[in-house]
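Asks: model the following, please.
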Amino acid sequence: MKILPIAVLALLLAGPLASAQNYLLQPVSKPATVTVPEGGDDVFVPISKYIAAGNAEALSAWFADNLEIAVLAKESDASRAQARQIVKTFFDNYTPRSFNITHTAGRANMKYALGTLKAGGETFNVTIFLSCKDKRYKIQQLKIERL
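Replies: Numbers count the residues shown, from 1 in each chain. Purely as a prediction, here's the structure:
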């Protein structure tokens, strides 16, 4: 008689657990825009992670629709897609090993960071300017220069 309640309990739990397992196994999609987290300078945490990983696709989610980009002294105004390709080409040629933010500053609607990128056996200075509109920070300028 005790087996029946345990069997019923197992059947009742099997449905929700299976649903939870299926939910946990689904891939997570990345948002197209990134909202401002609490504590302003935290916007540089994911950006730093994507630069260190050489992930141009994820980094480009932070790009404004049009931005200034300068990579190895080649400067241009670019669309998000063009800038993503420029950064991807750079990461393909210089595989990132590490990236560290050395300085941050800014105001409520504008922030910038200076960092050091070690990639492809070389060291680069990286400058990132962000502006905030509708509580969303976007990269307005990205500069990567050899040290």
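
Asks: where exactly do the strands run in the chain?
Replies: Ranges of strands in the chain, per DSSP state E, are 63-71, 74-79, 96-107, 110-119, 122-133, 136-146.

Asks: just so I know, which of these lies nearest Ala52?
Replies: Counting by C-beta to C-beta, Ala52 lies closest to strand 96-107 out of these; the figure is 4.0 Å. Bear in mind the C-beta positions are built from the backbone N, C-alpha and C, glycine included.

Asks: what about Arg107, how many neighbours?
Replies: By the criterion of other C-beta atoms under 10 Å, Arg107 has 8 neighbours.

Asks: beta-bridge partners for it, please?
Replies: Beta-bridge partners of Arg107, counted by DSSP bridges, are Met110.

Asks: what ranges in this protein fall below the confidence cut-off?
Replies: Applying pLDDT under 70 to the chain picks out residues 1-41.

Asks: re the thing from before, among the strands of the chain, which comes closest to Phe90?
Replies: Closest approach to Phe90 among those (C-beta to C-beta): strand 63-71, 5.1 Å.

Asks: give the other helices and strands that the closest one contacts.
Replies: Here strand 63-71 touches strand 74-79, helix 80-93, strand 136-146, going by 3 or more C-beta pairs under 8 Å, 6 or more residues apart in numbering; DSSP states H and E.

Asks: partners of that strand in the sheet?
Replies: In the sheet, strand 63-71 lines up with strand 74-79 (antiparallel), strand 136-146 (parallel) (DSSP bridges).

Asks: for those strands, give me a markdown table that also has distance to Thr102 and mean neighbour count.
Replies: Shown next, in a markdown table, are these (distance: least, C-beta to C-beta, whole Å; neighbours: other C-beta atoms under 10 Å):
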| stretch | distance to Thr102 | mean neighbour count |
| --- | --- | --- |
| strand 74-79 | 22 | 13 |
| strand 136-146 | 14 | 18 |
